[in-house]
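Asks: Dropping the sequence and predicted coords here.
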Amino acid sequence: MQVNEQGLKNKEQWESKGYSLPGFDRAAVTEKTRENPFWVHFGAGNIFRAFQANVVQDLLNKGVLDRGLVVAEGFDYEIVEKMNRPHDGYSILVTLKANGSVEKTVVGSVVESLTVDSENDADFNRLREIFKKDSLQMASFTITEKGYSLVNGKGEMLPSVVADMEKGPEKPESYIGKVVSLLYTRFQAGEKPIAMVSMDNCSHNGSKLHDAVFAFAKKWSETGLTDKSFVDYIENPAKVSFPWSMIDKITPRPDPSVEEILKKDGVEELEPVVTSKNTYVAPFVNAEECQYLVIEDAFPNGRPELEKGGLIFTTRETVDKVEKMKVCTCLNPLHTALAVFGCILGYDLISKEMKDETLKKLVEGIGYVEGLPVVINPGILDPKEFIDTVLGVRIPNPFMPDTPQRIATDTSQKLAIRFGETIKAYQASPELNVSDLKLIPLVFAGWLRYLMGVDDNGNTFELSPDPLLDTVRPYVADVKLGEPVDAEKLLKPVLENEKIFGVNLYEAGMADTVCGYFTQMTAGTGAVRSTLVKYV
Ligand SMILES: NC(=O)c1ccc[n+]([C@@H]2O[C@H](COP(=O)([O-])OP(=O)(O)OC[C@H]3O[C@@H](n4cnc5c(N)ncnc54)[C@H](O)[C@@H]3O)[C@@H](O)[C@H]2O)c1
Ligand SMILES: O=P(O)(O)OC[C@@H](O)[C@@H](O)[C@H](O)[C@H](O)CO
């Protein structure tokens with residue numbers, strides 16, 4: 001049983017093993033999509049395969065849609081070369097339910113896979129062609145928070161961005177430069193409308209995408225590298241919109257336990273690949289059942305009826321509230337707390353951490369006690385019920401192979417959103433005091449302790465990738481477990497960094513607490529556990 005066009009011809013074989021197959025005429029859908037594409041997604045990673053691609057498949061099955069998805073990968077071309085193309089765009093979605101049952105779906109809604117590589121004429125020209133089409137309604141993105149950044153950890157503009165700003169839209173190298181170049185193609189084709197929808201886990205994600213795009217459009221317009229009015233096109237919401245969104249579906253990396261299930265069914269060539277850019281991809285994805293995608297309803301070229309596939313379209317205000325609820329208080333901060341302490345305490349599964357009474361109490365405290373008071377009820381989802389399900393069902397799901405190491409990736413990019421917003425809300429509130437926050441500083445101290453790359457037994461472990469590692473690791477490089485440490489002196493430059501924590505922890509009055517916790521956590525082996533037990 002091979003995951004490709006040929007291998008899927010024997011439908012009975014797949015169906016007899018419990019697989020749901022695409023229920024639409026894929027050849028016809030492919031042809032229509034080539035002619036009139038409506039949705040290009042940037043970022044061919046795991047969440048896209050597990051969520052957006054499956055929603056479109058469902059709508060194709062129901063006859064709500066008659067065209068599929070084009071996926072464009074602009075960072076890690078190996079995903080397209082090693083996964084999408086050999087498998088003709090198919091992948092298997094394995095849904096791991098909390099009751100232990102497993103749902104297997106062959107997803108075939110991705111009918112075109114392209115690299116966004118200006119050196120690859122065939123793919124880049126095809127993308128230009130797609131961006132000229134009247135039918136194109138949206139371009140969406142799951143490219144991680146750092147995908148939108150034009151600067152490095154030190155705040156310096158990335159060399160590829162500097163080069164593209166100078167050279168213009170012809171042959172860009174940087175990610176956003178390539179996206180803006182495609183938008184310029186759309187502008188030149190008659191200023192056609194489009195929604196540019198960031199679906200990444202960052203606060204006000206649409207504005208993040210807008211700001212990065214705008215920086216290029218402004219520079220190119222001013223320097224005459226594009227038509228002067230290109231920047232006006234980008235700034236006209238009736239032409240180009242940047243809706244905000246909130247996305248939620250826990251999608252761990254492809255796991256060997258799931259690979260085993262599929263292998264036993266007779267599925268071949270399933271081996272996951274870790275690309276040279278550190279993406280974990282396989283011909284299958286594994287994810288939980290629960291999913292939410294809430295999008296600001298701002299689509300200047302119209303949009304498909306994606307609400308029929310469970311997506312929620314609403315106002316920017318509601319997206320803001322729902323996103324704050326999920327990313328800033330009720331899910332992602334709890335994930336990051338478990339990621340940091342899970343790595344230090346030697347865990348390899350998030351669900352196992354939820355059986356650790358101290359860690360369970362820690363995340364309950366961060367969620368219910370410290371986070372919930374600043375959540376504004378978005379109306380469409382109840383925050384208390386949401387957090388109840390996150391802590392009672394989703395994170396403890398023993399069938400989900402999610403790891404603290406995955407979630408610890410890029411922590412420096414996430415602390416500001418996941419905790420800083422709560423601190424700011426406490427600062428702004430007449431009823432709340434920042435000094436009441438005891439657990440958030442514990443996570444900050446835990447992250448600094450994590451950066452030592454030494455677990456609570458004193459053994460070294462590998463840190464997850466993070467663009468700021470080289471900048472922040474040196475601050476804790478000389479700290480030795482059991483030796484005296486002047487935390488204030490060592491950590492001050494980091495704790496003052498608003499970019500990392502969302503606030504200057506000295507100004508917020510939290511720096512002393514963090515230093516105190518850090519000192520206790522470095523007192524010797526077992527000190528992280530005893531500090532947690534003491535304060536949780
Ligand atoms: N996995 C989840 O549980 C989940 C759930 C909700 C939202 N998300 C959002 O989706 C994003 C991607 O998650 P995933 O599960 O697909 O991860 P993944 O590791 O499977 O894929 C990452 C994707 O981002 C791209 N990318 C990585 N670094 C980049 C960079 N510097 N510039 C541009 N592109 C870059 C990769 O090429 C790939 O397409 C997350 O960062 C998060 O914002 C993920
Ligand atoms: O995807 P990231 O790297 O932004 O964050 C890691 C996890 O917290 C995240 O992927 C969650 O699983 C997801 O946000 C759940 O919807």
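Replies: Thanks, I have it. Ligands and ions are numbered 1, 2, ... in the order given.

Asks: what's near enough to touch the closest residue to F230 other than its chain neighbours?
Replies: Excluding its sequence neighbours, the residue lying closest to F230 (Cβ to Cβ, 6 or more residues apart in numbering) is S221, at 4.9 Å. Where you see a C-beta, it was placed from the backbone N, CA and C, and this is true even at glycine. Contact partners of S221, counting by Cβ atoms under 8 Å, 6 or more residues apart in numbering, are D227, K228, S229, F230, V231.

Asks: And Y77, by the same measure?
Replies: With Cβ under 8 Å, 6+ apart, Y77 has these contacts: T115, D117.

Asks: what does this structure have sitting close to ligand 2?
Replies: Contact residues (Cβ under 6 Å from any ligand atom) of the chain with ligand 2: N201, D248, K249, I250, N332, H335, I407, T409, D410.

Asks: Could you report the neighbour count for the last one?
Replies: Put plainly, it is D410. By other Cβ atoms under 10 Å, the residues close to D410 number 17.

Asks: does the closest residue to it other than its chain neighbours sit in a helix or strand, and which one?
Replies: Spatial nearest neighbour of D410, chain neighbours left out: D466 (5.2 Å); criterion: Cβ to Cβ, 6+ apart. Assigned by DSSP states H and E, D466 falls within no helix or strand.

Asks: Model confidence for the residue of the chain found nearest ligand 1, exactly?
Replies: Nearest residue of the chain to ligand 1 (Cβ to the nearest ligand atom) works out as G45 at 2.1 Å. You'll see G45 listed with a pLDDT of 96.

Asks: From what I see, it and V281 are in contact.
Replies: Yes - using Cβ atoms under 8 Å, G45 is in contact with V281, at 7.4 Å.

Asks: ok, back up a step: what are the phi and psi values for the residue nearest to D410?
Replies: Dihedral pair for D466: phi -160, psi 130, per degrees, to the nearest 10.

Asks: now V294
Replies: Note on V294: backbone dihedrals following degrees, to the nearest 10 are phi -110, psi 120.

Asks: partner strands of the one helix or strand in the chain whose mean pLDDT sits lowest, parallel or antiparallel?
Replies: Across the helices and strands of the chain, mean pLDDT, DSSP states H and E gives its lowest value to strand 273-274, namely a mean of 89. Here strand 273-274 has these sheet partners by DSSP bridges: strand 280-281 (antiparallel).

Asks: Within the sheet, what are the partner strands of whichever helix or strand comes after the partner strand, with directions?
Replies: Remark: after strand 280-281, the chain's next helix or strand is strand 284-287, criterion DSSP H and E. Applying DSSP bridges, strand 284-287 is found paired with strand 91-96 (parallel).

Asks: Got the confidence number for the residue of the stretch 351-500 of the chain found nearest ligand 2?
Replies: Nearest residue of the stretch 351-500 of the chain to ligand 2 (Cβ to the nearest ligand atom) works out as I407 at 4.4 Å. Model confidence at I407, given as pLDDT, is 97.

Asks: Unless I'm misreading it, the residue nearest to D410 sits right up against T411, doesn't it?
Replies: Yes - with contacts counted by Cβ under 8 Å, D466 reaches T411, the gap being 6.0 Å.

Asks: Looking at the residues of the chain next to ligand 2, which are in helices?
Replies: Among the residues of the chain next to ligand 2, the members found in helices (DSSP state H) are N332, H335, I407.

Asks: What's the nearest residue in the stretch 251-400 of the chain when you look at ligand 2?
Replies: For the stretch 251-400 of the chain, Cβ to the nearest ligand atom, closest residue to ligand 2: H335, 3.7 Å.

Asks: circling back: near ligand 1, which of the residues of the chain next to ligand 2 show up?
Replies: Contacts with ligand 1 within these, counted by Cβ under 6 Å from any ligand atom: N201, D248, K249, I250.

Asks: My guess is the first one contacts C328. True?
Replies: No - the criterion here is Cβ under 8 Å, and N201 misses it with C328 at 10.4 Å.

Asks: and for these two, which residues touch both?
Replies: Common neighbours of N201 and C328 are listed as I417 (criterion: Cβ under 8 Å, 6+ apart).

Asks: what's around N36, how many residues?
Replies: Neighbours of N36 under the rule other Cβ under 10 Å: 14.

Asks: let me redo that: D512
Replies: The local packing of D512 (other Cβ under 10 Å) involves 14 other residues.

Asks: pLDDT score assigned to it?
Replies: As predicted, D512 sits at a pLDDT of 97.

Asks: hang on, the earlier thing: so how far is G379 from the residue of the chain closest to ligand 1?
Replies: Distance of G45 to G379, computed by Cβ to Cβ, to the nearest Å: 31 Å.

Asks: So between these two, which is more surrounded?
Replies: G45 (21 against 11).

Asks: separation between the more buried one and E269?
Replies: In terms of Cβ to Cβ, G45 sits 20 Å off from E269.

Asks: could you dump the ones in helices among the residues of the chain next to ligand 2 to JSON lines with neighbour count and distance to L114?
Replies: Formatted as JSON lines, those follow (neighbours: other Cβ atoms under 10 Å; distance: Cβ to Cβ, whole Å):
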{"residue": "N332", "neighbour count": "20", "distance to L114": "30"}
{"residue": "H335", "neighbour count": "24", "distance to L114": "32"}
{"residue": "I407", "neighbour count": "23", "distance to L114": "29"}
